[in-house]
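A.B. asks: the following comprises the amino acid sequence and a computationally predicted model.
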Amino acid sequence: MAGIEIGQVVQPGVFADYSSNNAQSIAASTVVLLNFEDVGVDSRSLVTIGASWKFTAPFTGHYQINTFMTFTSAAWTAGNIAQLYLYKNNAVERLIRRITTEATTTHYLALEGSLSVRLVQGDYIDIRAYHTRTAGAVALHSDGAFNWITIAMVSQDG
């Protein structure tokens, strides 16, 4: 098995798959934690759902995160931005995606990304969205196929 040393113990089955269909409102010019409230799989019950949604690492290692979120159809003004962040232990870890609206238009706006991050046992992560839509708050599209996250441990260390 590539990447695993002889004698290394790898904890199998660290995987979480969540989605959201609740049309969560995202206020303008405010970083908002996303609540992926619908569980597909959570192999070790590692996710806290609700207003403080988070995944807590059960082991030290590298984790692969894939996420996708979609704002419902709304009017966007040229120059408006939308951003998707990975937070680790309540601090920005990475900007996942940023989109700047080039022309005034009405449309769905999706942000997505895939990244790997090292977590120490007990670290927690969450996904947050931000936008500067001139017309104010906008909701997530109310379909779990358009708002989801998967998290898998890909290697263990420590």
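C.D. replies: That came through fine.
A.B. asks: so what's the residue most central in space within the chain closest to, chain neighbours aside?
C.D. replies: With distances taken as CA atoms, centre = their mean, residue 127 lies nearest the centre of the chain, 3.5 Å away. Distances taken as CB to CB, 6 or more residues apart in numbering place residue 34 nearest to residue 127, at 4.9 Å, with adjacent residues excluded. From N, CA and C alone the C-beta is placed, and that goes for glycine too.
A.B. asks: now do the same contact list for the one you found.
C.D. replies: 20, 24, 53, 69, 126, 127, 128, 129, 140, 147 (CB atoms under 8 Å, 6 or more residues apart in numbering).
A.B. asks: what's the helix or strand hosting the residue nearest to the centre of the chain packed up against?
C.D. replies: Here residue 127, judged by DSSP states H and E, is contained in strand 124-131. Judged by 3 or more CB pairs under 8 Å, 6 or more residues apart in numbering; DSSP states H and E, strand 124-131 is in contact with strand 25-26, strand 32-33, strand 54-56, strand 61-76, strand 81-88, strand 105-119.
A.B. asks: ok, now with 6 Å
C.D. replies: Contacts defined by 3 or more CB pairs under 6 Å, 6 or more residues apart in numbering; DSSP states H and E place strand 124-131 against strand 32-33, strand 54-56, strand 81-88.
A.B. asks: quick one, which of those strands is nearest to residue 41?
C.D. replies: Among these, strand 54-56 comes nearest to residue 41, with 12.5 Å by CB to CB.
A.B. asks: what are the buried residues along that closest one?
C.D. replies: Buried positions in strand 54-56, judged by neighbour count with 16 or more other CB atoms under 10 Å: 54, 55.
A.B. asks: partner strands of that strand, parallel or antiparallel?
C.D. replies: Partner strands and pairing direction for strand 54-56 (DSSP bridges) are strand 47-48 (antiparallel), strand 124-131 (antiparallel).
A.B. asks: next, count neighbours for the closest residue to residue 49 other than its chain neighbours.
C.D. replies: Nearest residue to residue 49 in three dimensions, chain neighbours excluded: residue 37, at 5.0 Å (CB to CB, 6+ apart). Counted with other CB atoms under 10 Å, residues neighbouring residue 37 total 17.
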